[in-house]
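Q: A structural model of the following input is requested.
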Amino acid sequence: MAYEQKTKPTDESVIAFIEEIEKPSKKEDAYRLLDIFHEETGLEPILWGPSIIGYGSYHFRYATGHEGDAPLVGFSPRKAALSLYIAPSEEEREKYLSRLGKHKSGKACIYVNKLQDIDESVLREMIRRSVEVTRARYPE
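A: Numbering: from 1, shown residues only. A predicted model of the protein is given here:
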């Protein structure tokens, strides 16, 4: 059975999505992230699935045969935390995270309660580096 990718780019409005955020501070952080990611990537935001704001895209194919498309970088202003989808190389990840500020991290995400908890300059470095690494790993 073929795998159907669930998270795909949509034509939905990123601004309309952000405007639906109930908590004012979370909405403010989402707008700030919108600016930061745009400034660092030069790319326009696209809503992927119902809740991920992504920038650019790349096509991946695993050894298992699983393949699909994903944003180069992105974020999601979830109720519990801001989820940041940025992936500098494995070798660099801990170096960046040690300088980022208050966060939690999973395998593919970095979770931040609010932007004032982290160093924006480190976030910007991570975004730029993630785009470079991903483009090198998955050339068009």
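
Q: for this structure, which spans come out with low pLDDT?
A: 1-4 (pLDDT under 70).

Q: can you pull out the helices in it?
A: According to DSSP state H, the chain carries its helices in the segments 14-19, 24-41, 90-100, 120-137.

Q: of the ones you listed, which is nearest residue 48?
A: helix 14-19 (10.1 Å; Cβ to Cβ). No exception for glycine: its C-beta is placed from N, CA and C like everyone else's.

Q: and that closest one, what's buried?
A: Neighbour counts using 16 or more other Cβ atoms under 10 Å place 14, 17, 18 of helix 14-19 among the buried residues.

Q: which residues touch the nearest residue to the last one once chain neighbours are set aside?
A: So that's residue 18. Once flanking residues are discounted, residue 18 sits nearest to residue 30: 4.7 Å by Cβ to Cβ, 6 or more residues apart in numbering. Shown in contact with residue 30 (Cβ atoms under 8 Å, 6 or more residues apart in numbering): 18, 21, 53, 75, 77, 82.

Q: from start to finish, how long is stretch 82-97 in a straight line?
A: Using Cα to Cα, to the nearest Å, one end of stretch 82-97 lies 15 Å from the other.

Q: mind listing what's buried in that stretch?
A: Those would be 82, 83, 84, 85, 86, 87, 88, 93, 96, 97, for stretch 82-97 by 16+ other Cβ under 10 Å.

Q: alright, I will stop here.
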